[in-house]
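Participant: coordinates only, no sequence provided:
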């Protein structure tokens, strides 16, 4: 057993590196990567996991080794060696972590940039004051559009119906490069509006391969739009529109989770993002338009008319129970219209 | 100034020694100005609230044992986690780490007879029980349910009376914290024994200097945020209320300007405790005294400029996210200096593996995990994925439980003989440690995976696919709850029946070990003069000092001096 200490250290170091690299690649902690950004985030996480595992093993190894190796022998009441410090060693363990964290910071910066996080359009909410204005009106209509039943719809003809159909995009066969969807968070649901076609839905349908720009707003309290499989999250802030961009890469259904505490039913505020092939997506849009032409146009029109006549909170008062909100929240909704922009 | 204050301390009429031993315990319920009494008042009070907070945590985990909402109502659940966090932060870790150990140890460590402002000190303590009772009383009117972060607009519309009680309670506790910080700063800067320059202070004093500075800079901002929030709540102003044109994100900035430094307020004093405990039980000097001392200030300063990393998804502009990301990551450097310094202190020592040392090493081991996940969370693209998930819950518990709570346990075991004059039962202490370590890791390690896979925090119900891991977490929590029983039994039994402790059971070199256990009313009979650095283990002088016994408390020594 006369192996020199330096050889042992070297072997331990090699072993530690191998284990760290292996675990960094095979931790299996992340869910499916279903957007084009997700693999980039995962790569960053893998690297941090590799470094983290190495550091973890180093420190825990030193502690466990000390527990056995440096335990006080019974009857030995003397002190240990008088070692107050070692400047070169201290410089070493200051500079190595400094270099590592700066490296991670630069790499994170790079990843963030490649995800479009530094795009000028994401820079400031001021650019989007116009859309926010429209969005502020949208959710009231959206709620009513989904909830108004036929009984209330019969009285009114549908002056807005032709407009809605005219505005809709012609059913295309290929996916557009970019698409804007408005997402309004409220206690306890998301309402997604497709401005191109006027379709309103409670679930987010997206074509695979298209850059989705989500224009996020909140009607009552803070919410956050999170799709774990896409690795993206953005708070919805009342009075301040926010943005989120992602490109779905896999066909499938993934949960949309509200990640910011929004009240007692916060845990129940869930919906789905349904990523489809462009053809399926267009078919879905078309089916929505047909449905709305048949029934919902009336409802939307009614909503638009009624909303114009009455304040939204009064108009929505009968729906307080089914919506799971209280009157105070509605009051806010109303005021939000009176003062649509906080900035 | 130092001399002057101490001369005055000598001149003040001696408090007559305790006449009737029977009634001695009453002083712990009095407006005592003795820093040791106040320190123990803080410690016992904060442990009481720790068990309250732990009970709430057990209820939370019982609800989360199954995916459905089947144990408490959703409203109650939100109240539980809000009060759990508030109690654990403001009534357990802050008062225990700063109030209890700060008050008990600082005068002893610097060789003073009491704190600089003893009455202020007593006032600061006596704000804690009313603040705590007020907070718990909110359960009778509907507990606040907006989380301990209390973000508007939710905090402005949900359970308003409870929210108002929460604000008042925090204002009281914050004031108490500020009063304590002033006291620590003045005591450390002005009342050190002759010969004790700043660079010869015990490291706990360095940690408390950095902590007190942080408290004084950041707590007023929280108070400001809460007062504005209460205006929005009660009189209908619109500082943060978007319906009147207010901006809820401004509250988040003000809140985190305090609440991120609050993490360091909770963990820096514990760093100090660990720096005291490890050398004593390793029988080796602390490795790199100056690096450990100054890194406290580096952490304290950097801690003030990282707050917006809690707000990466709050619409913070991208360039600002980069600024806060880099600052946050740099904190890993001074923290790493400490961790490696502690490891090197242990390395090659002669470790006495008693309960205090085991908890101190447990601290080191667990805190490193929290540190690693902390650097990960600083990376913006990754944080955007895991923000507000169980990954963050895991991270913060590794920092504040694996860090602060393990450290407070270590400190409690280490100074128990000094505080009570009795030794604890080491077997029960080791059982306590083993149960705590196992329970803690079962409860919080799986949460990393839960968060990464998509479980968000602050929810009473969750996706059934997370059931198995949540059950593990719940079992871990029950083990943690059970782990406190041997501790409570040990402490109560030892106070009355434990073997008598000598003045210096661990062979420490700081002043508190050179006086009796427990120390006399004004700590020392003669004014201490620094004869040896606090960590000079392995030297001849150290052996001499340790053999000299409680010479600072002996009348004979006073006569000679």
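Facilitator: Structure's in. What do you need? Source: prediction; values computed, not measured. Numbering: from 1, shown residues only, chains lettered A, B, ... in the order given.
Participant: endpoint to endpoint, stretch B:196-205 covers what distance?
Facilitator: From its first residue to its last, stretch B:196-205 covers 11 Å (CA to CA, to the nearest Å).
Participant: that should have said stretch B:344-358, apologies.
Facilitator: 16 Å.
Participant: which element is residue B:114 on?
Facilitator: Using DSSP states H and E, residue B:114 sits within no helix or strand.
Participant: residues in contact with the closest residue in space to it that isn't next to it in sequence?
Facilitator: Spatial nearest neighbour of residue B:114, chain neighbours left out: residue B:35 (5.1 Å); criterion: CB to CB, 6 or more residues apart in numbering or on different chains. (Glycine included, C-beta is placed from N, CA and C.) Contacts here follow CB atoms under 8 Å, 6 or more residues apart in numbering or on different chains; on that basis residue B:35 touches B:103, B:104, B:106, B:107, B:114, B:115, B:118, B:121.
Participant: chain A versus residue B:35, what's the distance?
Facilitator: Using CB to the nearest CB, to the nearest Å, we find residue B:35 at a distance of 30 Å from chain A.
Participant: and if you look at residue B:247?
Facilitator: As for residue B:247, its distance to chain A is 6 Å (criterion: CB to the nearest CB).
Participant: from what I see, that residue and residue B:238 are in contact.
Facilitator: No. Look at residue B:247 against residue B:238 with CB atoms under 8 Å: they stay out of range, at 9.3 Å.
Participant: does residue B:527 touch residue B:112 like I think?
Facilitator: No. Counting by CB under 8 Å, residue B:112 is not a contact partner of residue B:527; they are 9.2 Å apart.
Participant: more neighbours, those two?
Facilitator: Per other CB atoms under 10 Å in any protein chain shown, whichever of residue B:527 and residue B:112 has more neighbours is residue B:112, with 27 against 18.
Participant: which residue ranges of chain A form helices?
Facilitator: In chain A, the helices defined using DSSP state H lie at A:5-26, A:38-69, A:87-114, A:129-147, A:150-153, A:161-167, A:278-291, A:297-309, A:312-316, A:320-323, A:327-338.
Participant: no wait, the stretch 301-450 of chain B
Facilitator: Assigned by DSSP state H, counting those that start in this stretch, the stretch 301-450 of chain B shows helices spanning B:318-330, B:332-346, B:355-378, B:380-386, B:390-399, B:406-420, B:426-453.
Participant: using CSV, lay out those together with mean neighbour count, mean pLDDT and distance to residue B:477.
Facilitator: Shown next, in CSV, are the helices of the stretch 301-450 of chain B (neighbours: other CB atoms under 10 Å in any protein chain shown; pLDDT from 0 to 100; distance: least, CB to CB, whole Å):
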stretch, mean neighbour count, mean pLDDT, distance to residue B:477
helix B:318-330, 20, 90, 29
helix B:332-346, 24, 95, 27
helix B:355-378, 25, 95, 16
helix B:380-386, 26, 94, 21
helix B:390-399, 23, 96, 11
helix B:406-420, 25, 96, 16
helix B:426-453, 20, 96, 5
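Participant: now those helices in JSON lines, with distance to chain A?
Facilitator: What follows is these, written out as JSON lines (distance: least, CB to the nearest CB, whole Å):
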{"stretch": "helix B:318-330", "distance to chain A": "4"}
{"stretch": "helix B:332-346", "distance to chain A": "4"}
{"stretch": "helix B:355-378", "distance to chain A": "4"}
{"stretch": "helix B:380-386", "distance to chain A": "4"}
{"stretch": "helix B:390-399", "distance to chain A": "9"}
{"stretch": "helix B:406-420", "distance to chain A": "13"}
{"stretch": "helix B:426-453", "distance to chain A": "5"}
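Participant: so which of the ones you listed is nearest residue A:226?
Facilitator: helix B:380-386 (8.2 Å; CB to CB).
Participant: ok, and what's touching that closest one?
Facilitator: With contacts defined as CB under 8 Å, 6+ apart, helix B:380-386 is touched by A:37, A:40-41, A:44-45, A:48, A:108, A:111-112, A:115, A:117, A:228, A:231-234, B:309, B:312-313, B:321-322, B:325, B:376-377, B:392, B:451-452.
Participant: quick check: residue B:260 touching residue B:306?
Facilitator: Yes. Using CB under 8 Å, residue B:260 makes contact with residue B:306 at a distance of 5.8 Å.
Participant: so, low pLDDT: which residues of the chain?
Facilitator: Picked chain A for this. For chain A, the stretches with pLDDT under 70 are A:1, A:118-175, A:294-343.
Participant: um, chain B though
Facilitator: Counting by pLDDT under 70, chain B shows low-confidence ranges at B:1-23, B:555-561.
Participant: longest helix anywhere in it?
Facilitator: Secondary structure of chain B read by DSSP H shows that its longest helix is helix B:248-282.
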